[in-house]
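Visitor: Sequence and predicted structure, then a few things I'm wondering about:
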Amino acid sequence: MFLFAAVAVFAVFFTNVALGAFGGGSFLSDVGEMVVLFAASILFVAAILKREADQKNKNGG
């Protein structure tokens, strides 16, 4: 679940950057871009840590 959320938030960031690069005008400010990228990073780390914890519990510690 966290991984899908990270991908969705990163897609918002990527869309904003792509629109800005092609002259369409971005919809987020610089601070907004930073917050969205930070949120994607945090969600990705949470997904990885959860997956590692699940694997550790599955293998018996």
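Guide: In hand now; what should we look at?
Visitor: What values do phi and psi take at the nearest residue to residue 1 once chain neighbours are set aside?
Guide: Counting by CB to CB, 6 or more residues apart in numbering, residue 47 is the residue found nearest to residue 1 once chain neighbours are left out, at 7.9 Å. To be clear about C-beta, it is placed using only N, CA and C from the backbone, and glycine gets the same treatment. Per-residue torsions, residue 47: phi -60, psi -40 (degrees, to the nearest 10).
Visitor: wait, what's in contact with the residue nearest the centre of the chain?
Guide: Nearest to the mean C-alpha position of the chain, counting by CA atoms, centre = their mean, stands residue 40 at 2.0 Å. Residues in contact with residue 40 (CB atoms under 8 Å, 6 or more residues apart in numbering) are 6, 9, 10, 13.
Visitor: Distance-wise, check the last one relative to residue 43.
Guide: Here residue 13 is placed at a distance of 12 Å from residue 43 (CB to CB, to the nearest Å).
Visitor: sorry, back to before: wait, doesn't the residue nearest to residue 1 sit right on residue 6?
Guide: Yes. Using CB atoms under 8 Å, residue 47 is in contact with residue 6, at 6.0 Å.
Visitor: The two: which has the busier surroundings?
Guide: Shown here are residue 47 and residue 6; by other CB atoms under 10 Å, residue 6 has more neighbours (20 against 17).
Visitor: any chance you could map the strands in the chain?
Guide: For the chain, applying DSSP state E gives no strands.
Visitor: shaky segments in it?
Guide: Along the chain, segments meeting pLDDT under 70 span 61.
Visitor: Now do the helices in it.
Guide: 2-21, 30-58 (DSSP state H).
Visitor: which one of those has the most crowded surroundings?
Guide: helix 2-21 (a mean of 15; mean count of other CB atoms under 10 Å).
Visitor: and that helix, what does it pack onto?
Guide: Helix 2-21 sits against helix 30-58, with contacts defined as 3 or more CB pairs under 8 Å, 6 or more residues apart in numbering; DSSP states H and E.
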